[in-house]
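Novice: just a sequence and a predicted model for now, questions to come.
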Amino acid sequence: MSDTQHTTDAARAAILDGRTSLGIEFGSTRIKACLVGEDPTQVLAVGSHEWENEFVDRRWTYSLESVWSGLQAAYADLVADVRRRYDAQPETFGAIGVSAMMHGYLAFDAADELLVPFRTWRNTSTGPAAAELSERFGLNIPLRWSIAHLHQAVLDEEPHVPQLAFVTTLAGYVHWRLTGRKVLGVGDASGMFPIDSAANDYDARLVEVFDGLVGDRAPGLQLTELLPEVLPAGAPAGELTAEGAALLDPTGALLPGVVLCPPEGDAGTGMVATNSVAPRTGNVSAGTSIFAMVVLERALSHAHHELDLVTTPAGDPVAMVHCNNGASELAAWAGLFARFAAASGARVDNDAVFEVLFREALDGDADAGGLLAYNQLAGEPIAGLEEGRPMVVRTPDSRLTLANFMRAQLYGVYGTLALGMRVLASEGVELDRMFAHGGIFRTAGVAQRFLAGALDAPVAVGETASEGGAWGIAVLASYLPSAGELDLGAYLNDRVFADAAFETVEPDAADVAGFAAFLDRYRDGLAAEAAAVQSI
């Protein structure tokens with residue numbers, strides 16, 4: 001028997017015996033499923049389903065119907081992959097984990113009915129609430145946090161507020177429907193309301209402050225009665241019910257009883273997927289949004305509106321630089337060039353289009369030839385923008401070439417992120433290495449190199465970079481049996497990343513200087529962005 005056949009047979013046996021872990025992540029544009037073996041570095045199968053948010057009544061949302069149809073499609077795609085590879089039908093798993101975009105607002109009444117359409121992290125209509133909470137708490141409360149959405153609903157005297165019985169995130173909602181338990185991983189919970197890392201629970205003092213703040217406006221509203229229970233990584237978080245199994249797999253093949261790990265946010269799964277849960281480590285996750293997570297050695301000197309204080313899935317404090325706009329505008333331009341190629345008779349698949357354009361960017365000037373690219377499709381609080389206006393701006397003496405255009409587009413993905421990271425650097429926070437993951441890094445050595453230049457720090461990308469959070473939540477699910485003997489950091493170091501291969505790129509001096517010049521122009525040019533928001 002060949003080694004390949006032996007590996008396939010062993011994987012098939014693990015699948016049939018349920019010695020696997022399933023991770024499911026709801027990203028901004030794709031729902032992904034990732035199945036790993038007893039060795040969580042072994043990805044056995046994957047599945048996915050594309051979806052898009054909708055802008056309805058001036059709010060970004062996803063319908064709950066699309067949540068479930070998308071989940072079922074992604075799971076069915078994974079099952080089909082299992083059948084193709086191993087001629088097997090999974091009926092159970094060792095553990096399941098659910099992850100999703102953090103923040104937002106899913107509000108239910110006592111009958112478990114949704115009160116208002118899901119308000120995603122992308123909405124920036126919570127300015128008054130976020131400002132008041134930031135002042136009262138003495139912490140930066142971003143516009144997208146669940147507590148900002150809740151408080152804005154109170155301030156606006158929305159009719160649904162007196163009916164509130166439960167508020168959660170997307171991951172918390174899906175987990176609840178699968179298990180019947182209203183819980184949340186501490187990392188995802190930290191994007192709902194500030195966490196006391198010593199207690200691994202919501203900050204009790206700030207809960208009292210909030211209840212006092214809304215007491216007259218929303219009589220009877222008690223925050224602890226509304227929010228999910230907080231659980232750290234490794235804590236069992238319920239079992240798949242018969243109803244939950246049917247929701248995930250309408251064919252009836254999947255059996256109930258599978259244990260689930262605490263549901264987590266995409267920031268937490270990104271930290272796990274890049275082994276960046278220890279102090280002096282950090283990661284950048286690039287997708288529809290882009291954000292950096294840096295695990296802190298000490299508390300920051302004071303609050304900064306550019307920085308959010310959240311936690312790792314184990315509850316350790318993290319500074320987060322979150323930008324609402326990531327690689328979507330870059331992808332739109334790639335689509336335009338793909339269409340040009342097709343119209344000219346040269347059909348090129350999407351991966352090849354990105355490969356060609358990214359490689360071309362390497363030949364651009366270090367400062368992108370004087371070009372500016374703004375990727376803001378939605379509002380961007382760090383940049384002071386209430387709404388998005390994607391733009392390409394240049395002066396008459398700039399050098400408009402394809403190479404410079406593409407370098408400006410890639411730099412633009414990192415522009416707002418770099419503004420926030422400069423604030424973190426002013427606090428004296430140091431990084432040994434920044435890990436990166438997301439589809440933008442699939443073309444080796446391009447986006448990674450430019451990120452190293454933007455951050456002036458080494459950037460590492462691993463083999464799982466494009467799998468991202470779906471693999472990260474599968475790893476958190478696989479951690480359940482080991483939680484009693486190893487903390488999360490030790491588990492990742494000893495069991496998951498001990499032999500992992502990371503390709504690390506050191507910052508190039510010319511890129512560092514070129515991006516710094518680009519960022520100076522980018523910051524100055526934000527006035528044009530603001531003017532566009534007011535006039536277009």
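Specialist: Received it, and whenever you're ready, just let me know what you need. What you see is a predicted model; the values in this text were computed from it and never measured. Numbers count the residues shown, from 1 in each chain.
Novice: which regions of this structure sit below the pLDDT cut-off?
Specialist: 1-3, 6, 463-467 (pLDDT under 70).
Novice: apply 80 and report the result again.
Specialist: Scanning the chain with the threshold set as pLDDT under 80 gives 1-6, 462-468.
Novice: tell me where the stretch 251-400 of the chain has helices.
Specialist: With DSSP state H, counting those that start in this stretch as the criterion, the stretch 251-400 of the chain has helices at 266-273, 328-343, 350-361.
Novice: to what extent is the nearest residue to V496 once chain neighbours are set aside buried, counted in neighbours?
Specialist: Distance criterion CB to CB, 6 or more residues apart in numbering; nearest residue to V496, sequence neighbours excluded, is P40 at 5.5 Å. Every residue, glycine included, has its C-beta placed from N, CA and C. Using other CB atoms under 10 Å, P40 has 25 neighbouring residues.
Novice: and P40, how far is that from H175?
Specialist: Per CB to CB, to the nearest Å, P40 is found 20 Å from H175.
Novice: same question, A11
Specialist: Distance, A11 to H175, using CB to CB: 27 Å.
Novice: which of these two has more neighbours?
Specialist: Comparing A11 with H175 by neighbour count (other CB under 10 Å), the higher total belongs to H175, at 33 against 22.
Novice: ok, that one - contacts?
Specialist: Counting by CB atoms under 8 Å, 6 or more residues apart in numbering, H175 touches V98, R181, V183, L184, A237, G238, L260, P262, P263.
Novice: from L184, how far off is it?
Specialist: From H175 to L184 the distance is 8 Å (CB to CB).
Novice: looking at the contacts of H175, which are in strands?
Specialist: V98, V183, L184 (DSSP state E).
Novice: for the residues you listed, give me a markdown table that also has distance to V167 and neighbour count.
Specialist: What follows is the ones in strands among the contacts of H175, written out as a markdown table (distance: CB to CB, whole Å; neighbours: other CB atoms under 10 Å):
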| residue | distance to V167 | neighbour count |
| --- | --- | --- |
| V98 | 17 | 32 |
| V183 | 13 | 22 |
| L184 | 11 | 28 |
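Novice: return the closest of these with respect to E135.
Specialist: Nearest to E135 among those: L184, at 26.1 Å, using CB to CB.
Novice: so how far is V209 from that closest one?
Specialist: Note on L184: its distance to V209, by CB to CB, is 21 Å.
Novice: now T20
Specialist: Relative to V209, T20 is positioned 45 Å away (criterion: CB to CB).
Novice: which of the two has more residues huddled nearby?
Specialist: Using other CB under 10 Å as the criterion, T20 and V209 rank with T20 on top: 27 against 15.
Novice: contacts only, for that one.
Specialist: Shown in contact with T20 (CB under 8 Å, 6+ apart): A14, L35, V36, G37, E38, L44, P90, F93, G94.
Novice: a markdown table for those residues, including distance to H149?
Specialist: What follows is those, written out as a markdown table (distance: CB to CB, whole Å):
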| residue | distance to H149 |
| --- | --- |
| A14 | 42 |
| L35 | 34 |
| V36 | 34 |
| G37 | 39 |
| E38 | 40 |
| L44 | 38 |
| P90 | 37 |
| F93 | 33 |
| G94 | 35 |
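Novice: just the buried subset of those, please.
Specialist: Buried by 16 or more other CB atoms under 10 Å: A14, L35, V36, G37, L44, P90, F93, G94, out of the contacts of T20.
Novice: my guess is the second one contacts V46. True?
Specialist: Put plainly, it is L35. Yes: at 7.2 Å, L35 counts as touching V46 under the criterion of CB atoms under 8 Å.
Novice: find the residues that touch each one of the two.
Specialist: Residues touching both L35 and V46 by CB under 8 Å, 6+ apart: L78.
Novice: got CSV for the helices of the stretch 251-400 of the chain, with mean neighbour count and distance to A457 too?
Specialist: Formatted as CSV, the helices of the stretch 251-400 of the chain follow (neighbours: other CB atoms under 10 Å; distance: least, CB to CB, whole Å):
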stretch, mean neighbour count, distance to A457
helix 266-273, 32, 17
helix 328-343, 16, 22
helix 350-361, 18, 20
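Novice: of all those, which one comes closest to L377?
Specialist: helix 328-343 (5.6 Å).
Novice: that older thread, list the contacts for the residue nearest to V496?
Specialist: P40 sits next to S21, A474, V475, S478, R495, V496 when contact means CB under 8 Å, 6+ apart.
Novice: what's the answer for G282, then?
Specialist: Taking CB under 8 Å, 6+ apart, one finds S276, A292, M293, V294, V295, L431, R433, M434, F435 in contact with G282.
Novice: is it possible to get JSON lines of the residues you listed that adds neighbour count and distance to Y75?
Specialist: Formatted as JSON lines, the contacts of G282 follow (neighbours: other CB atoms under 10 Å; distance: CB to CB, whole Å):
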{"residue": "S276", "neighbour count": "28", "distance to Y75": "28"}
{"residue": "A292", "neighbour count": "29", "distance to Y75": "31"}
{"residue": "M293", "neighbour count": "28", "distance to Y75": "28"}
{"residue": "V294", "neighbour count": "25", "distance to Y75": "34"}
{"residue": "V295", "neighbour count": "22", "distance to Y75": "32"}
{"residue": "L431", "neighbour count": "21", "distance to Y75": "37"}
{"residue": "R433", "neighbour count": "17", "distance to Y75": "35"}
{"residue": "M434", "neighbour count": "24", "distance to Y75": "33"}
{"residue": "F435", "neighbour count": "25", "distance to Y75": "28"}
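Novice: rewinding a little: between the contacts of T20, which is closest to V512?
Specialist: V36 (37.2 Å).
Novice: nearest spatial neighbour of the closest one, chain-adjacent residues omitted?
Specialist: Leaving out its chain neighbours, the residue that sits closest to V36 by CB to CB, 6+ apart is A474, at 4.7 Å.
Novice: let's have the contacts of G282 in a markdown table, adding distance to P250.
Specialist: Formatted as a markdown table, the contacts of G282 follow (distance: CB to CB, whole Å):
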| residue | distance to P250 |
| --- | --- |
| S276 | 37 |
| A292 | 39 |
| M293 | 36 |
| V294 | 42 |
| V295 | 40 |
| L431 | 46 |
| R433 | 44 |
| M434 | 42 |
| F435 | 37 |
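Novice: among the residues you listed, which lie within strands?
Specialist: Using DSSP E, these in strands are A292, M293, V294, V295, R433, M434, F435.
Novice: could those residues go into JSON lines alongside distance to L451?
Specialist: Formatted as JSON lines, the ones in strands among the contacts of G282 follow (distance: CB to CB, whole Å):
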{"residue": "A292", "distance to L451": "10"}
{"residue": "M293", "distance to L451": "14"}
{"residue": "V294", "distance to L451": "14"}
{"residue": "V295", "distance to L451": "18"}
{"residue": "R433", "distance to L451": "12"}
{"residue": "M434", "distance to L451": "8"}
{"residue": "F435", "distance to L451": "11"}
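Novice: hang on, L417 packs against N325?
Specialist: No: at 9.7 Å, L417 does not count as touching N325 under the criterion of CB under 8 Å.
Novice: need the residues touching each of the two.
Specialist: I290.
Novice: before we move on, the earlier item: now the helices of the stretch 251-400 of the chain in TSV, please, with extra columns for distance to P128.
Specialist: Shown next, in TSV, are those (distance: least, CB to CB, whole Å):
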stretch	distance to P128
helix 266-273	25
helix 328-343	28
helix 350-361	41
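Novice: looking at the ones you listed, spot the one closest to A378.
Specialist: Smallest distance to A378 across the helices of the stretch 251-400 of the chain (CB to CB): 9.0 Å, for helix 328-343.
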